[in-house]
Structures are given as C-alpha cells and as structure tokens.
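Chemist: A predicted structure for the sequence below; I have some questions about it.
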Amino acid sequence: MSREPEAAPPKRRMSAEKRRAVIVESATEVFAERGYDGAPIDEIARRSGISAPVLYDHFPSKLALFQEVLAAEYARLRAAWEVTFATGEPLRQRFAASLDAWFAHVERRRKSIPVLFQVATADEGARQAQVDATRASRSALAPFVTDVLTTDELDTEMLIEIIAASLRALALWWHDHPAVPRVRLVDAALDALWPAIERRVPPSS
C-alpha cells in the first residue's frame, strides 16, 4: 500500500519589520541604479518579492520610502563612526580608526553611495529629504567635536561641514575608482583633516 506524500509545512510569514527591511534594501538598489526620478515602485516591489499594493501598505509613497532609505543608510554611517571614536585611544588614533570604519562601511555598502551623496532629481520633496538626512547626520557628529576639542558653536558647525564634505567627496570619487584600496582613502582623509582638528585640541589633552 503506497503512502500519500506528506504535506509540505506551511511557509512562515515574514514579519512586518523584516518585510520593511527587505523593501528598504531593494529600494536602495533601485534608487542607486536609476536615481530617484527613474526608480519605479513596481520594480522595487518586484525585487522585494511583493506587489506594489503590499509595498504601499508599508510605505505610503515613494518619497516616504526614499526618506527611510536615507535614514537607514546614514544611521549605519554614524554607527560606524561612533563605535571607534568612543574608545580611550589617543585622539589621532581614534580619528584614524573612525575614518577607517566609515570607509569600511562605504566599501560594504558601495551601491548606496549615489543614494547618499549624489541625488539628482527634480522632485522638491526628494531634494529636501536629502538635505534633512544630511543635516541630521552632521548634527549627530557635534558631540564628537565639542567633547574633545576647543570650539565655539560656529567653529563646530564649520569643522563638521569640512569633515562631512571631504568624506562625501572622497566617497563619490571612490565610487568611480573602486580599485583604489581603502587605506589610501583613509590616509588621504587623515592628511587633509587632521591638521584642522589638531589645532583645536586643548593643551591639557
């Protein structure tokens, strides 16, 4: 007597949090490849393994999804910086380690570079999202300047702008020159930025 095949176990449904993460990852790829204006929701949904209506259950608009992509990517960059900068090593070593961690993250997430640093769009909301995400990320770096350096509010703002703009420019350049090893980027950033930081180190440090 032949046995009937056992029924396959039911597929476990993906949690809403996991589904959102998959959507954001797929959106990062599509935005990087096609830009904001050329990124169709249908394509993002397809790569996420869902339909467009299901995607809209998680994000009400393409702009809301773009904002989430920016927030997630900038949070990862800040985390890479914060972990190494919080050690008790001498300041130059901490700064060099933070630069290396930052560029290591950029290297792992190379596809996200155009999304983070080079958004060409006619959409005013998307442009503002880029400005807001950049501003929030730079504000988060303020404690790492004010806690260890002698700066006033204006000097802090300018120094953070110099650091952020330099790293952004190098990341974009690296995107076009992927064969260059990370250590070269770290050394270049350290050579350019450390003199400005060193002049602001308190004498007692």
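Modeler: Ah, there it is. Numbers count the residues shown, from 1 in each chain.
Chemist: just the buried residues of stretch 42-50, please?
Modeler: Neighbour-count burial for stretch 42-50 flags 43-45, 48, 50 (criterion: 16 or more other C-beta atoms under 10 Å). Heads up, the C-betas are built off the backbone N, CA and C, glycines and all.
Chemist: host element of the residue positioned nearest the centre of the chain?
Modeler: For the chain, the residue nearest the mean C-alpha position is Glu73 (2.9 Å; C-alpha atoms, centre = their mean). Take DSSP states H and E as the rule and Glu73 turns out to sit in helix 62-85.
Chemist: which SS state does Pro178 fall under?
Modeler: coil (DSSP: H, G, I helix; E, B strand; the rest coil).
Chemist: can you pull the contacts of it?
Modeler: By C-beta atoms under 8 Å, 6 or more residues apart in numbering, Pro178 lies in contact with Arg110.
Chemist: angles on the backbone of it, please.
Modeler: phi -70, psi -20 (degrees, to the nearest 10).
Chemist: ok so, going back, which residue sits closest to the residue nearest to the centre of the chain, ignoring its sequence neighbours?
Modeler: In this structure, Glu73 finds its nearest non-sequential neighbour in Ser112, 5.0 Å apart by C-beta to C-beta, 6 or more residues apart in numbering.
Chemist: roughly how far out does stretch 195-202 sit from the chain middle?
Modeler: 27 Å (C-alpha atoms, centre = their mean, to the nearest Å).
Chemist: swap in stretch 53-61?
Modeler: Per C-alpha atoms, centre = their mean, the centroid offset for stretch 53-61 relative to its chain is 23 Å.
Chemist: mean confidence score for that stretch?
Modeler: Stretch 53-61 shows a mean pLDDT of 95.
Chemist: from here on, call the first residue 322.
Modeler: Will do, 322 is the new start, and the previous item becomes stretch 374-382.
Chemist: quick one: buried residues of the helix holding Glu394?
Modeler: Buried, per 16+ other C-beta under 10 Å, within helix 383-406: 383-384, 386-395, 397-399, 401-402, 405-406.
Chemist: state the next helix or strand along the chain beyond it.
Modeler: helix 412-429.
Chemist: pull out the buried residues from that following helix.
Modeler: Buried residues in helix 412-429 (16+ other C-beta under 10 Å): 415-424, 426-427.
Chemist: repeat for stretch 340-350
Modeler: Quick answer for stretch 340-350 (16+ other C-beta under 10 Å): 340-341, 344-350.
Chemist: turn these into a markdown table, including secondary structure.
Modeler: A markdown table is the format used below for the buried residues of stretch 340-350 (three-state DSSP):
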| residue | secondary structure |
| --- | --- |
| Arg340 | helix |
| Arg341 | helix |
| Ile344 | helix |
| Val345 | helix |
| Glu346 | helix |
| Ser347 | helix |
| Ala348 | helix |
| Thr349 | helix |
| Glu350 | helix |
